[in-house]
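Visitor: Build the 3D model from these lines:
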Amino acid sequence: MEAYLTEEERLEALQRWWKENRQSLILGVLLGVAIIIGWNMWQGNLRSQNEQASNLYLQMLKSAETKQTEPAIKLGERVIATYPSTAYADYARLLLAKLKVDSGDLPGAKAVLEEMLAKTGDENFKHIARLRLGQAMLASGETGPALSLLEPLTVEQMGKFAGLYQELKGDLYAAANRPDEARKAYETAKQFGEASPLLELKLNDLPTAPKPAGS
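Guide: Presented below is the predicted three-dimensional model:
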């Protein structure tokens, strides 16, 4: 009888617990289901956005390849405005900057690259944007601002792009009539693996340092 009463007491305790907690349990289950559904919807929406951005970017590429510059620029601007959080916005910015350079719009190219440098969350894209921005500045004769953009970077911050940074710094120093610094930057670029016939040509084109008197 004692065992029976114990089981009965357990059942009553379970019933009391269920009455006290069923609402919170049901709400917890519903919340969990809602989170799962919301996550799946978000993932589906993200996939859809990536697909749409990819399609637009491919149209941009095709327009650029067939020299339809204005339609390509408009498509790039649409990708950036409509799908700013996708990687395709970064791809579109890089191609858009190139199209603007090719069409002679250096200020427009610099604006696109500056925006990319400020907004992209990908470190590789940041490096590429910074390098291309420096090249656009070099093309427009802004050697001082370009050097101010690059000189504060340490070798560690440059990472795998160190050779490219050093070569660009050499180009900027050469354009600023600072051949000794240009030579040093080019030599450093070679140490980081940027050995090419063009780099050797740049080195050979630098004026020879004057020999000390009496040598």
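Visitor: Okay, and the most centrally placed residue in the chain sits in which element?
Guide: By Cα atoms, centre = their mean, the chain has its centre lying nearest to Phe125, at 2.8 Å. Phe125 is part of helix 123-139, with elements assigned from DSSP states H and E.
Visitor: now the helices for this protein?
Guide: Assigned by DSSP state H, the helices in the chain fall at 2-65, 69-82, 87-102, 106-119, 123-139, 143-150, 155-158, 162-175, 179-191, 197-205.
Visitor: Now render these as TSV, adding mean pLDDT.
Guide: As requested, these are exported to TSV (pLDDT from 0 to 100):
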stretch	mean pLDDT
helix 2-65	70
helix 69-82	93
helix 87-102	93
helix 106-119	94
helix 123-139	95
helix 143-150	95
helix 155-158	93
helix 162-175	95
helix 179-191	94
helix 197-205	90
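Visitor: And for the nearest residue to Leu106 once chain neighbours are set aside, the neighbour number?
Guide: The shortest distance from Leu106 to any non-neighbouring residue, by Cβ to Cβ, 6 or more residues apart in numbering, is to Ser140 (4.7 Å). Where C-beta positions appear, they are placed from N, C-alpha and C, glycine not excepted. Residues contacting Ser140 under the criterion other Cβ atoms under 10 Å number 14.
Visitor: now Ser140: how far from Val155?
Guide: Distance, Ser140 to Val155, using Cβ to Cβ, to the nearest Å: 27 Å.
Visitor: same question, Gly144
Guide: Taking Cβ to Cβ, one finds Gly144 at 22 Å from Val155.
Visitor: for the residue nearest to Leu106, what are its contacts?
Guide: Contacts for Ser140 (Cβ atoms under 8 Å, 6 or more residues apart in numbering) come out as Leu106, Pro107, Lys110.
Visitor: Let's see if you can find the most crowded of the residues you listed.
Guide: Going by other Cβ under 10 Å, Lys110 tops those with 21 neighbours.
Visitor: Pretty sure it sits against Arg132.
Guide: No - when contacts are counted by Cβ atoms under 8 Å, Lys110 is not listed as touching Arg132 (9.3 Å).
Visitor: domains of this protein?
Guide: Domains of the chain are assigned by automatic domain parsing as 55-140, 144-205.
Visitor: Out of those, which is closest to Gln23?
Guide: domain 55-140 (38.4 Å; Cβ to Cβ).
Visitor: phi, psi of Lys67?
Guide: phi 60, psi 20 (degrees, to the nearest 10).
Visitor: any idea how far it lies from Ser54?
Guide: From Lys67 over to Ser54 (counting by Cβ to Cβ), the distance is 22 Å.
Visitor: Compare neighbour counts for these two and give me the winner.
Guide: Neighbours per residue (other Cβ under 10 Å) separate Lys67 from Ser54, with Ser54 holding more: 16 against 8.
Visitor: Distance to Gln191 for the contacts of Ser140 - can I get that in CSV?
Guide: Compiled in CSV, the contacts of Ser140 are given as follows (distance: Cβ to Cβ, whole Å):
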residue, distance to Gln191
Leu106, 31
Pro107, 35
Lys110, 30
